[in-house]
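Could you work out the structure for the sequence below:
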Amino acid sequence: MLSFLLRAAALLGLAALLSACSGAAVLNALTSRAGYETARSVRYAPGPRGTLDLYVPDDAGPRTPVVVFFYGGSWDSGSKSLYRFVGQSLASQGYAVAVPDYRVYPEVRFPDFVEDGAKAVAAVERLAREGGDGLPAGRHPIVLMGHSAGAQIAALLAFDERYRRAAGARERLAGFVGLAGPYNFLPLREERYKRIFPLSTREASQPIRFVDGAPGEPPAFLAAGLSDTTVDPKNTRSMAARIRAVGGRVEERLYPDLDHIGAVSSLATALPLGQRQLRADLLDFLGRITGARRP
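Sure, this is the predicted structure:
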C-alpha cells in the first residue's frame, strides 16, 4: 500500500537529514563540480517546466551511456535544480545524466506529466544521435531512472511504450532503474490524489499493468528500503515478481534500515547519507547492461 507522503519526503527529506534549512542546497553545494560539464535548462517542450539539465563527463564519447533521471515530488512539486548530486554521482562514473523538469498538479493531471517525460526522452535521444550541449553524436545506450513519483513516471515510459512512440522516441532502452517507486498503488484514499489521477485513467497509472514480457522491455533494477514508510516496499516486491513471472530480467534489492529519502540520497558522493551498497549495486547494474567500463 502506498503511503501518500511523497511531497514532504521528496522536498523536505534531504533538509531533515542534513539538519539545515535547505538540505538539498547544502548537499549540492558540497557536490564536486570537477570532471563533468553541465548544460542548464536545455529546452525539450514549451513552458517554464519544459527544460532539462544535462551532465556530461569530460571524457564522454560516442558510446557514453545516458541516464534520464526523473525526480519525485508527489506529482505536484519538485525541481531539477535539487539533483546536481545525482548528476555528479553518475557522471563521475562515466555516465551522462539528463534531469528533466515536468509539469505537475494542479497545472496538469495524469497522464500529462508522463507525456512530458516521454518528450524529454525523445529530446535526449535526438541529442544522443546528433550531438549537442556537450554530448558527442553517437550511439548512446539510454537508461530510464526515477525516484518515488519519478519512478512511476519512468516505469510507465519503460513498460508502456506508447508514450515514447507518441513523442517520437524510437530507441530501444538499455535499462530501467526504480528507486522506492510506486508501481501498484491503488486504491487511492486521499482526495488530492484522486484529483491527480482521474477515475477514467486511474487503472492506466499503474506501471505493473504494462509488464507483459514483450521483447522490447528493458532489464530492471528495483531498489527500496525496508524502513520506507512513505512508499511501501511491497510496490517493489510486486513489480519485481511481475517482471519475473513474464520472463523478464529484474534485479530486486531491499535494504534494511534504509528509508524513502535514503533510496536517492545514497547516490550522493559528498556526504555519507543512506547506504553505500545501493550506489555500488546500481553502478554494477548500469555497467553490465550498458557495456560501460567503470573508471
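
Just name the shakiest helix or strand of this structure by mean pLDDT.
helix 6-18 (a mean of 43; mean pLDDT, DSSP states H and E).

After that one, heading C-terminal, what element do we hit next?
helix 23-30 (DSSP states H and E).

Counting neighbours, what do you get for the residue nearest to residue 123 when sequence neighbours are not counted?
Distances taken as CB to CB, 6 or more residues apart in numbering put residue 44 closest to residue 123, at 3.6 Å, once the chain neighbours are dropped. All C-beta atoms are positioned from the backbone trio N, CA, C, and that covers glycine. For residue 44, the count of nearby residues is 23 (other CB atoms under 10 Å).

can you pull the contacts of residue 44?
Residues near residue 44 by CB atoms under 8 Å, 6 or more residues apart in numbering: 50, 51, 52, 100, 119, 120, 122, 123, 124.

Spatially central residue (nearest the centroid) of the chain, please.
Residue closest to the mean C-alpha point of the chain, counted by CA atoms, centre = their mean, is residue 146 at 1.6 Å.

Quick one: mean pLDDT over the strand or helix carrying residue 40.
Assigned by DSSP H and E, residue 40 belongs to strand 36-43. Mean pLDDT, computed over strand 36-43, is 98.

now it: how far from the chain's centre is it?
17 Å (CA atoms, centre = their mean, to the nearest Å).

who touches whichever helix or strand comes after that strand?
Next helix or strand after strand 36-43 toward the C-terminus (DSSP H and E): strand 51-57. The set of residues external to strand 51-57 that reach it, using CB under 8 Å, 6+ apart, is 35-44, 64, 80-81, 83-84, 87-88, 90-92, 94-101, 120, 123-124, 127, 133-135.

So what are the sheet partners of strand 51-57 and their directions?
Take DSSP bridges as the rule and strand 51-57 pairs in its sheet with strand 36-43 (antiparallel), strand 96-100 (antiparallel).

ok, and which of those strands has the densest surroundings?
Counting by mean count of other CB atoms under 10 Å, strand 96-100 has the highest mean neighbour count of the strands paired with strand 51-57, with a mean of 27.

Buried residues of the helix or strand that it is followed by, list them for me.
Using DSSP H and E, the helix or strand that follows strand 96-100 towards the C-terminus is helix 112-130. If you call a residue buried by 16 or more other CB atoms under 10 Å, then helix 112-130 has these buried ones: 113-125, 127-128.

relative orientation of helix 112-130 and strand 51-57 in degrees?
The directions of helix 112-130 and strand 51-57 differ by 40 degrees, with axes from the mean of the first three to the mean of the last three CA atoms, to 10 degrees as the criterion.

Give the rounded mean pLDDT of the following helix or strand past helix 112-130.
Downstream of helix 112-130, the next assigned helix or strand under DSSP H and E is strand 142-147. Mean per-residue pLDDT for strand 142-147: 98.

Tell me the neighbouring strands of strand 142-147, and mark each as parallel or antiparallel.
Under the rule (DSSP bridges), strand 142-147 has strand 66-70 (parallel), strand 175-179 (parallel) as partners.

how much distance is there from the last one to the middle of the chain?
Spelled out, that is strand 175-179. 7 Å.

Check the first one too.
A distance of 6 Å separates the C-alpha centroid of strand 66-70 from that of its chain, computed with CA atoms, centre = their mean.

hmm, back to that, please name whichever of the strands paired with strand 51-57 is nearest to residue 235.
Closest to residue 235 of the strands paired with strand 51-57, according to CB to CB: strand 96-100, at 22.6 Å.

what's the nearest residue to residue 228 if we skip its chain neighbours?
Residue 228's closest residue in space is residue 260 (CB to CB, 6+ apart), at 4.5 Å.

Could you pull out the buried residues of stretch 65-79?
65-78.

What mean pLDDT does stretch 168-187 get?
Averaging pLDDT residue by residue across stretch 168-187 gives 97.

For it, measure first residue to last.
Length of stretch 168-187, first residue to last, CA to CA, to the nearest Å: 32 Å.
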